[in-house]
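Could you work out the structure for the sequence below:
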Amino acid sequence: MSLFDSVDYYYARYRPRLPDQVVELLASELTGPATPRLLDLGAGTGQVALSMLPVLPPTTRMDLVDQDEGMLRTALDELRTHLGERTATAHAVPAEKFAPDQPDYQADLVTCCRAFQWMDRPAVLAMADRVTAPHAAVAIMGDGSLWTHQAEWAMALKALIQSHLGEDRRAGTSGTYREPGRRYEDDLSDSPFSNIEEHRIPFTRAWTPRTVLGYLRSTSFARPDLFTDHTGFEEQAHALLLAHACDGSLNEDGVFTVLLAHRPGVAR
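Next comes the predicted model:
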């Protein structure tokens, strides 16, 4: 069983997409080439591709890389009716194992959203160096999760999860989550993409009790099989969220961080 087996339904419907300002920032990296190519690593059910699709040129080619074939199938299903002349190709391999079929393949932008911590990061960046154009950018980005957010309702929800599963954040098929041993900035600094810009983009996101529960089913820290009594947990979580909601809404104020990295000497 892989980390996110059988959660593509919840992942596709409840994982948030990118804020508009993040989309604009990434799209600016694809304005030069006549046929821009986006390589999305840890693509899941296509949150990055779906977020960016409305602003991508009609000639754009997208490659979605994820180990989970089910998630990639869902991503292609979600994208298919909106692609127009654009193309999207799925690659069910670990990110560091991505190897394009075309000998002249060159990606213009590599994205990795909310997934870099699960990867062999030096190997991924070495792969990116092999398959990208000289001007290409690598964007490592994320906004944490409801485990880390500081809204009163999110902290109360975290405490409820801990009351069922213990203090440590659960991860994988067993065991607990451990923070990466080094910063992503250090990974990038030691790679060919050592010219790094950090963009911190504030956002406000609105949830409902139903969407929070759907989101939790997609996570590694609160997926259903971790609970002895998942139905009982969801009943408690729903009551907690209703008590904190204002007019049925639960607001999350956060910061979306984008590390946008290029090779040294690339003209911007």
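
CA only for contacts and neighbour counts going forward, please
Fine.

ok, so what distance separates the closest residue to residue 83 other than its chain neighbours from residue 224?
Spatial nearest neighbour of residue 83, excluding adjacent residues (Cα to Cα, 6 or more residues apart in numbering): residue 53 at 7.4 Å. Residue 53 sits 32 Å away from residue 224, going by Cα to Cα, to the nearest Å.

cool, and residue 242?
From residue 242 to residue 224 the distance is 20 Å (Cα to Cα).

And residue 191, by the same measure?
38 Å.

that older thread, distance of the residue nearest to residue 83 from residue 98?
Per Cα to Cα, residue 53 is found 22 Å from residue 98.

What of residue 34?
Counting by Cα to Cα, the gap from residue 34 to residue 98 is 24 Å.

The two: who's more crowded?
A count of neighbours by other Cα atoms under 10 Å puts residue 98 above the other of residue 34 and residue 98, at 20 against 11.

What is the worst-scoring helix or strand of the chain on mean pLDDT packed up against?
Within the chain, no helix or strand scores below helix 8-14, which has a mean of 92 by mean pLDDT, DSSP states H and E. Secondary-structure packing of helix 8-14 (3 or more Cα pairs under 8 Å, 6 or more residues apart in numbering; DSSP states H and E): helix 69-80, helix 209-217.

can you list the residues that contact the longest one?
Where contact means Cα atoms under 8 Å, 6 or more residues apart in numbering, the residues beyond helix 69-80 that reach it are 6, 8-9, 12, 43-46, 49-50, 64-66, 88-92.

Equivalent analysis for stretch 196-215, please.
10-11, 13-15, 19, 21-22, 185, 188-189, 234, 237-238, 241-242, 245, 248-262.

okay, and for this structure, where does confidence drop off?
Within the chain, the segments meeting pLDDT under 70 span 1-6, 172-180, 267-268.

again, only this time at 80
1-6, 171-181, 266-268 (pLDDT under 80).

Tell me where it has strands.
Counting by DSSP state E, the chain has these strands, from start to end: 37-41, 61-65, 87-91, 107-113, 132-142, 195-207, 250-262.

which stretch among these comes nearest residue 228?
With Cα to Cα as the measure, strand 195-207 is the member of the strands of the chain nearest residue 228 (26.1 Å).

buried residues in that closest one?
For strand 195-207, a neighbour-count test (16 or more other Cα atoms under 10 Å) marks 195-196, 207 as buried.

Also stretch 162-172?
Under the neighbour-count criterion of 16+ other Cα under 10 Å, stretch 162-172 has 162, 165, 169-171 buried.

again with stretch 83-94
Applying 16+ other Cα under 10 Å to stretch 83-94 flags 83, 86-88, 90-94 as buried.

go on, stretch 136-152?
136-143, 146-147, 149.

For the residues you listed, which two are the farthest from each other?
Spatial extent of those (Cα to Cα) is set by the pair 136 and 147 at 32.9 Å.
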